[in-house]
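**Q** Structure, please.
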Amino acid sequence: MRRSFAAAAIVLAATVVVSGQAPRQVSMVITNGIVVTVDGSGRVINPGAVAIDGADIVGVDTADAIRRQFRGRDTIDAGGQVVMPGLVNTHTHAPMVLYRGLADDLALEEWLTKYIFPAEARTVSPEFVRAGTRLAALEMIESGTTTYADMYYFEEEIAKETKAAGLRGVLGQTIIQFPVADAKTPAEGLARAETFINMFRRDPLITPAVAPHAIYTNDSATLKAARALSMKYGVPTLIHMAETQSEAMTARERGSPTVVSYLDSLGFLGPGVVGAHGVWVNDGDMALLKSRGVGVSHNPESNMKLASGIAPVKAYLAADVAVGLGTDGAASNNDLDMFEAMRAASFLQKIATSDPTVVGAKTAVQMATIGGARALGMEKQVGSLEPGKRADIIIVSMNAVRQTPMYDPISHLVYVTRGDDVQTTVVNGRVLMRNRKVLTLDRAAVLREAKTWAAKVSAAVGR
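**A** Below is the predicted model of the structure:
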């Protein structure tokens with residue numbers, strides 16, 4: 001009997017010691033928020049908290065549970081606000097914010113050939129790219145984007161500015177058939193891409209990529225060479241894919257019924273390929289994209305504004321194709337606000353299918369977070385709030401008049417929230433914006449520089 005009592009006492013003492021352990025010290029705790037995890041169970045924890053240590057999420061639970069387990073050197077009280085994964089913009093052209101509003105209300109081909117390509121020929125330079133990227137980064141930080149995919153020229157300059165601003169980027173060096181600012185031939189563009197890959201391939205924030213512009217701006221040999229370069233280094237391939245009917249006509253002229261089937265005939269499709277737009281596709285194309293492991297970026301606002309068409313997102317989702325959301329460049333959207341992209345994606349599919357249940361609020365949030373991460377092949381790193389993932393997190397105010405009252409935070413994120421409701425942006429555990437103050441960029445200087453470049457663009461194109 002005495003032995004049993006003594007053993008029980010030892011167990012009790014051990015339990016007291018364990019339960020009395022001091023909370024683990026971590027770099028940051030975000031607490032008291034409405035935590036929208038976008039994890040596999042779709043948990044919404046209210047009041048919830050997220051513990052961050054360095055670049056990683058180490059705990060996601062109720063506020064009380066996190067308080068018992070962790071003590072942050074920095075604590076952010078998110079009371080009454082939504083805490084959610086940072087938004088993933090799967091397609092844009094960051095420096096093109098400097099062409100915002102330059103040419104509107106045009107079809108894609110006319111917009112590109114008569115306005116954008118000529119403007120780029122006269123104005124794009126490393127300095128232009130740096131200024132445009134800073135402006136784009138400022139806009140993305142302020143509106144809750146933490147990861148973005150890009151394709152443009154002088155991509156190494158974009159990478160440097162993206163890294164300095166603290167954002168995460170999948171950044172593609174553009175390959176195009178005709179002379180452009182940073183390469184006079186496709187071969188020169190490919191050489192630049194290889195140099196760029198070697199500069200950033202092990203960077204914690206920058207994933208370098210190869211970005212052949214489209215099938216209508218590259219011949220088959222260049223498309224094959226671009227994909228081969230990506231595969232050589234195991235980096236993504238970004239391409240405009242099946243955006244317009246005229247692009248589909250190009251595929252038919254080359255002997256394939258669709259853009260997707262043409263790319264597949266070249267051996268182009270495979271894991272790591274991200275096709276932007278994906279409007280003019282059929283069921284066979286979607287089956288190919290799924291079987292080849294291709295990600296698709298849906299860009300509803302750009303597609304509507306340029307009258308390119310409506311992507312069959314309902315069918316993509318039913319086929320389990322990895323589909324995320326993108327804004328496209330601000331020259332054709334005309335902003336980088338992913339909350340607007342969520343809302344447009346939801347509304348557009350409802351009217352296109354005459355089904356109000358298609359792309360509901362939950363699905364739209366998933367497309368802007370874990371769906372985009374999956375399209376980019378980054379779902380194990382970002383896109384949801386789970387221990388072991390990178391600490392890419394935003395805090396979104398729900399206190400605006402238009403957000404009152406709030407019954408369902410996920411509904412509010414899609415149907416009423418705007419980018420300027422984002423209060424705090426964290427990437428890789430680093431606070432980039434806190435209480436609407438951007439900490440990694442000089443906001444006034446960025447805006448001043450952008451206005452200077454706008455004057456230069458106007459003079460160059462005679463506007």
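
**Q** Next, find the distance separating residue 463 from residue 455.
**A** Separation of residue 463 from residue 455 (CB to CB, to the nearest Å): 10 Å. C-beta coordinates here come from the backbone N, C-alpha and C atoms, glycine included.

**Q** Tell me which of those two has more neighbours.
**A** The neighbour comparison of residue 463 against residue 455 (other CB atoms under 10 Å) goes to residue 463, with 12 against 9.

**Q** Surely the more buried one is in contact with residue 102?
**A** Yes - contact criterion CB atoms under 8 Å: residue 463 and residue 102 qualify, at 7.0 Å.

**Q** joint contacts of these two?
**A** residue 457 (CB atoms under 8 Å, 6 or more residues apart in numbering).

**Q** In the stretch 301-450 of the chain, what residue spans correspond to helices?
**A** 313-318, 338-353, 361-368, 370-375, 409-415, 443-461 (DSSP state H, counting those that start in this stretch).

**Q** of all those, which lies closest to residue 300?
**A** helix 338-353 (4.2 Å; CB to CB).

**Q** now that closest one against helix 361-368, angle please.
**A** In terms of direction (axes from the mean of the first three to the mean of the last three CA atoms, to 10 degrees), helix 338-353 departs from helix 361-368 by 120 degrees.

**Q** For helix 338-353, which helices and strands make contact with it?
**A** Contacts defined by 3 or more CB pairs under 8 Å, 6 or more residues apart in numbering; DSSP states H and E place helix 338-353 against strand 87-92, helix 300-305, helix 313-318, strand 322-325, helix 361-368, helix 409-415.

**Q** Need the CA coordinates for the second one. PDB is fine.
**A** Extracted in PDB, the C-alpha atoms of helix 300-305 (Å, rounded to 0.1, in the frame of the first residue of the first chain):
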ATOM      1  CA  PRO A 300     -10.800  37.600 -63.700                       C
ATOM      2  CA  GLU A 301     -10.400  41.400 -63.700                       C
ATOM      3  CA  SER A 302      -7.900  41.500 -66.500                       C
ATOM      4  CA  ASN A 303      -9.900  39.000 -68.600                       C
ATOM      5  CA  MET A 304     -13.000  41.100 -68.200                       C
ATOM      6  CA  LYS A 305     -11.400  44.400 -68.900                       C
END
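
**Q** so what secondary structure elements neighbour that helix?
**A** Using 3+ CB pairs under 8 Å, 6+ apart: helix 300-305 touches helix 338-353.

**Q** What lies in contact with the helix it packs on?
**A** Residues from elsewhere that reach helix 338-353 (CB under 8 Å, 6+ apart): 87, 89, 143-145, 298-301, 304, 310, 313-314, 325-327, 355-356, 358-361, 363-365, 367-368, 413-415, 417-419, 421.

**Q** in that helix, what counts as buried?
**A** Across helix 338-353, burial judged by 16 or more other CB atoms under 10 Å covers 338-350, 352-353.
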